[in-house]
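>>> Next comes the sequence, and after it the predicted model I'd like to discuss.
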Amino acid sequence: MKEVRVRFAPSPTGALHIGGIRTALYNFLLARQNKGTMILRIEETDQTRYVPGAEAYIMESLAWVGITIDEGVGVGGPYAPYRQSERKDIYKQYAQQLIDEGKAYYAFDTEQELDAMRERLKAAGVDNQQYNSITRMQMRNSLTLSEKEVKEVLQSGAPYVIRLKVPKKEEIRLNDLIRGWVLVHAAQIDDKVLMKSDGMPTYHLANVVDDYLMKITHVIRGEEWLPSAPFHVLLYKYFGWENEMPHFAHLPLLLKPDGNGKLSKRDADKMGFPIFPLNWKDPQSGELAIGYREAGYLPEALLNFLAFLGWNPGTTQELFSMDELTQAFSIDRIGKAGAKFDIQKAQWFNQQYLRAKTDEELGKILLDLLASQKIEYPLAQAMKIANVMRDRITFARDLWEQGRFFFHAPTEFDQGVVNKRWNEEAVKVLAAFKDEVLKENDELTADRAKSILEGVTATLGIGTGKILQALRLSLTGAGGGPDLMMIMEIIGKNEVAKRITHAIQTLKMKVA
RNA sequence: GGUCCGUUCGUCUAGGGGUUAGGACACCAGAUUUUCAUUCUGGUAACACGGGUUCGAUUCCCGUACGGACUACCA
């Protein structure tokens, strides 16, 4: 069997969108599964849209989620260069070949002339206002001008483009791996521009030429390319590359969560979730967009989530590592319909992956979080916190945000709990408990804390359950949280005593 | 407008001529947890519509509706 060669070919016009990551992932999985090659090609044939930093961003994003590139920009390879701007001469040569063979032609029409043509057709009630087999004969191009005139215009240095001469009557068919046979009549395809007046190729030419030269076997890309795919097939035909033509697979789109339409940055902002893998600061506006990484998502969780948007293994298993995805992936299990983006499911995946981490892994993550708060803390303690917090968090940062009380005594107390649970009985127990705790010689363990507390309540003849909330309140300021005894073990006896004392003082007035 | 693509619970989806139409997220309820979260158990909830074909259609075919993509010298 032929070696599988796939490519991810983004355009560096800004940050890589989450949908792009999914496209890259599917390509990557197919490559890995078949021991093939994953290629990164940068398609920046439009200089006006080029954004500095976008290319580096793309590469960093792919690296972060664990999609490794075998060949292409950044790593090199036998078909270099992999940046389309550096392959200008190649495209020119192929465009010339089509001209020579009469399959393409020069067109000299100005923008105004093109507009005028569309207006004219529109006014005449023609649905299809295209530059095509009919209209091209009324325009200024090498088909309508004499050979001598064409030569003159070319020599005068006037701007021109090269267009493909699409046949009038022909049925173009393409067998999409996801959608099956797609038929299009050539009459519905326009004479697309192959070479722009600035000497750069359009996507269509560059894409086909590169895929052919780079021996690409599978083109997996977004559905937005489906309408132009027949045109690409035609190009392969014109070049005589039909036998080398890659398989096409047009992926369903990622849709916005509410309403309809393609998922956009605007929707993401509106709904409050990231759309880019990494933070992205727009060099034009200076605006910062938060990325999944910075929002606290684990790369493996994001990947797993994305993999399931449009694909599924056909079993009930949902948690897949990259290796497992590689095993299970198959193009024929990709769905046809667009998938609405549901951030809640992404959060669930993140939760699952967070839980699967060891105390040590999670403890270290907490230490990083603490470092940014300028808090130094022992790993052994951080691991204990990780252990009690694990099942309560969705994001790594919740370790800090929901566990502040481990590091700072509460400054405020939940009023609802105060009203309900803070009373004289509780104060009595707490004061006695504090005294007992301070008498301890050893470090306070959870078990020890519990027996001391039970001793105190037994002596005073008050039910332990009645004052537990008050104790929690005094230690954390809130009415909910992880196991209270463990909290005491982690913060230590002196801190326990200090906080109880402080709470009794602060809340005294409120009882009366 | 035109061309192309699509349509199973709110969402991601499985399934496929005869099923109690399955799972997951979310949601709701109960149990456990003296709290909260977790966990467990249970529950609400879907084949867009109309015609065919067929003994039988959610499944196949055709329409309609709805949605989407494309319709640039952008990718």
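Looks like it came in fine.
>>> and the stretch 201-350 of chain A, which residues reach RNA strand B?
Neighbours of RNA strand B within the stretch 201-350 of chain A, by Cβ under 7 Å from any atom of the strand: A:202-203, A:223-228, A:252-253, A:255, A:259-262, A:308-310, A:312, A:314, A:316, A:318, A:333, A:335-340, A:342, A:344-345, A:347-348. In this view, the C-beta of every residue, glycine as well, is placed from N, C-alpha and C.
>>> so A:R163, which of the three states?
Per DSSP: H, G, I helix; E, B strand; the rest coil, the secondary structure class of A:R163 is strand.
>>> Beta-bridge partners for it, please?
Residues in a beta bridge with A:R163, per DSSP bridges, are A:Y105, A:V193.
>>> so how many other residues sit close to it?
By other Cβ atoms under 10 Å, the residues close to A:R163 number 27.
>>> Show me where the stretch 151-300 of chain A has its helices.
Counting by DSSP state H, counting those that start in this stretch, the segments of the stretch 151-300 of chain A that form helices are A:203-213, A:229-239, A:265-271, A:299-307.
>>> Just name the most buried of the ones you listed.
Stretch with highest mean neighbour count among the helices of the stretch 151-300 of chain A: helix A:299-307 (a mean of 23; mean count of other Cβ atoms under 10 Å).
>>> for that one, the distance to its chain's centre please.
9 Å (Cα atoms, centre = their mean, to the nearest Å).
>>> now swap in stretch A:181-200 and tell me
Using Cα atoms, centre = their mean, the offset of stretch A:181-200 from its chain centre is 31 Å.
>>> Pull out the buried residues from that stretch.
Buried residues in stretch A:181-200, counted by 16 or more other Cβ atoms under 10 Å: A:182, A:184, A:186-187, A:189-196, A:200.
>>> Pass me the low-pLDDT residue ranges in chain A, would you?
Low-confidence segments of chain A, defined by pLDDT under 70: A:1, A:259, A:509-512.
>>> quick check: longest helix of it.
helix A:493-511 (DSSP state H).
>>> which strands and helices sit next to it?
Applying 3 or more Cβ pairs under 8 Å, 6 or more residues apart in numbering; DSSP states H and E, we find helix A:493-511 packed against helix A:424-439, helix A:464-476.
>>> Next SSE downstream of the first one?
In other words, helix A:424-439. Moving toward the C-terminus from helix A:424-439, the next helix or strand (DSSP states H and E) is helix A:446-460.
>>> ok, residues contacting that following helix?
The contact list for helix A:446-460 (Cβ atoms under 8 Å, 6 or more residues apart in numbering) reads A:428-429, A:432-433, A:436-437, A:440, A:442, A:463-464, A:467, A:471, A:483, A:485-486, A:488-489, A:496.
>>> still on that earlier bit, tell me, which of the buried residues of stretch A:181-200 make contact with RNA strand B?
A:V182, A:V184, A:D190, A:V193, A:K196, A:M200.
>>> got those residues as CSV, with distance to A:A458 columns?
Formatted as CSV, these follow (distance: Cβ to Cβ, whole Å):
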residue, distance to A:A458
A:V182, 79
A:V184, 85
A:D190, 89
A:V193, 88
A:K196, 87
A:M200, 85
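>>> Among these, name the ones in strands.
A:V182, A:V184, A:V193 (DSSP state E).
>>> Give me the distance between A:I189 and A:H247.
Distance of A:I189 to A:H247, computed by Cβ to Cβ, to the nearest Å: 21 Å.
>>> make that A:A56, sorry
A:A56 sits 31 Å away from A:H247, going by Cβ to Cβ.
>>> quick one, which of those two is more surrounded?
Shown here are A:A56 and A:H247; by other Cβ under 10 Å, A:H247 has more neighbours (17 against 11).
>>> if I look at that one, how far off is A:R5?
Relative to A:R5, and taking Cβ to Cβ, A:H247 is found at 11 Å.
>>> where do the contact lists of these two overlap?
Common neighbours of A:H247 and A:R5 (Cβ under 8 Å, 6+ apart) are A:T217, A:H218.
>>> Could you confirm whether stretch A:355-369 reaches RNA strand B?
No. Contact of stretch A:355-369 with RNA strand B (Cβ under 7 Å from any atom of the strand) is absent, the minimum separation being 7.7 Å.
>>> Show me the strands in chain A, by range?
A:5-8, A:37-40, A:71-72, A:104-107, A:161-164, A:171-176, A:180-185, A:193-195, A:218-222, A:247-251, A:254-255, A:280-281, A:288-289, A:339-340.
>>> any chance of the ones you listed in a markdown table, plus distance to A:A409?
Shown next, in a markdown table, are the strands of chain A (distance: least, Cβ to Cβ, whole Å):
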| stretch | distance to A:A409 |
| --- | --- |
| strand A:5-8 | 51 |
| strand A:37-40 | 51 |
| strand A:71-72 | 54 |
| strand A:104-107 | 76 |
| strand A:161-164 | 72 |
| strand A:171-176 | 63 |
| strand A:180-185 | 66 |
| strand A:193-195 | 69 |
| strand A:218-222 | 53 |
| strand A:247-251 | 53 |
| strand A:254-255 | 46 |
| strand A:280-281 | 37 |
| strand A:288-289 | 34 |
| strand A:339-340 | 45 |
